[in-house]
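1. the sequence isn't on hand, but the structure is:
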């Protein structure tokens, strides 16, 4: 089954065509990168898939279900999670509480008002595990707003993973990261289980080619090439777009 299937997906903003007849099929468990120059329609495509925008025409299916006009929360209920091009976190939460918020999102504990959150030991251990895996445990009490930009990018990915997604959309996950942070991010993404389908937008071609098994290239809102990293590297049209 396809995790994502789009059919002739288009989105217009007045006279601007942001996506132009995009048809994709991404199977469950795939690792797919969406690449293309600035303004190619990559983030608009993510916004359509995740429900932040509705298409002007075309259809969207997630796990075999037509979600073309389905609201965001119901798509999340199907197992979709995403990060954003600009970090979207609560700045005044501690790092620990920010991750805990993601961990409890799909847990019925949030309905329980008569027990302190720290009494739910399973969620506390899961939060601790995420922070240790990402080498952030020593910073658990620091406010999100006081973390570096690269660390905030990492936290956003952790929060997305904490919801136990079936489909993870990553919008430029390594933007602003140091070399060491990028290496850690790539390593953890590559280790994620195959029951999570991963689709990422990435401008760092080394990252995209290391993580992805299939690559889709967008240009002026349309798909102009698809294939393995080796096929995309050797595609003369892709080379022309990136190198002029």
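-> Structure received. Owing to the predicted nature of the structure, the values given are computational and were not obtained by experimental measurement.
2. show me where this structure has helices.
-> Taking DSSP state H, the helices of the chain run over residues 42-50, 72-77, 95-103, 121-133, 149-162, 179-191, 205-211, 229-233, 236-243.
3. check residue 86 and give its pLDDT.
-> On the pLDDT scale, residue 86 is placed at 80.
4. I meant residue 105, not that one.
-> The predicted local confidence for residue 105 comes out at a pLDDT of 72.
5. same question for residue 109.
-> Looking at residue 109, its pLDDT stands at 61.
6. again with residue 123
-> Note on residue 123: pLDDT of 87.
7. ok, it - how many residues close by?
-> Using other CB atoms under 10 Å as the criterion, residue 123 is surrounded by 19 other residues. Placement of C-beta: from N, CA and C, glycine included.
8. which residue is the nearest non-sequential neighbour of it?
-> Counting by CB to CB, 6 or more residues apart in numbering, residue 103 is the residue found nearest to residue 123 once chain neighbours are left out, at 5.0 Å.
9. does the one you found touch residue 162 like I think?
-> Yes. With the criterion set as CB atoms under 8 Å, residue 103 and residue 162 qualify as a contacting pair; they are 4.6 Å apart.
10. the more surrounded of those two?
-> Looking at residue 103 and residue 162 with other CB under 10 Å, you find the greater number of neighbours at residue 103, namely 25 against 22.
11. which residues does that one contact?
-> In this structure, residue 103 makes contact with 123, 126, 127, 130, 162, judged by CB atoms under 8 Å, 6 or more residues apart in numbering.
12. quick check: the farthest pair among those residues?
-> Pairwise distances among the contacts of residue 103 were taken by CB to CB; the largest, 10.9 Å, belongs to 123 and 130.
13. the least confident helix or strand in the chain by mean pLDDT: which residues count as buried?
-> In the chain, the helix or strand scored least confidently by mean pLDDT, DSSP states H and E is helix 236-243, which has a mean of 84. Of the residues in helix 236-243, those scored as buried under the neighbour-count criterion (16 or more other CB atoms under 10 Å) are 238, 241.
14. can you pull out the residues in contact with that helix?
-> Under the contact criterion CB under 8 Å, 6+ apart, helix 236-243 has outside partners 36, 37, 217, 219, 224, 225, 232.
15. same thing but 6 Å
-> 217, 219, 225, 232 (CB atoms under 6 Å, 6 or more residues apart in numbering).
16. ok, stretch 42-61 next?
-> Contact with stretch 42-61 is made by 5-12, 18-19, 34, 36, 67-68, 72, 75, 82, 85, 169, 171, 201, 218, as judged by CB under 6 Å, 6+ apart.
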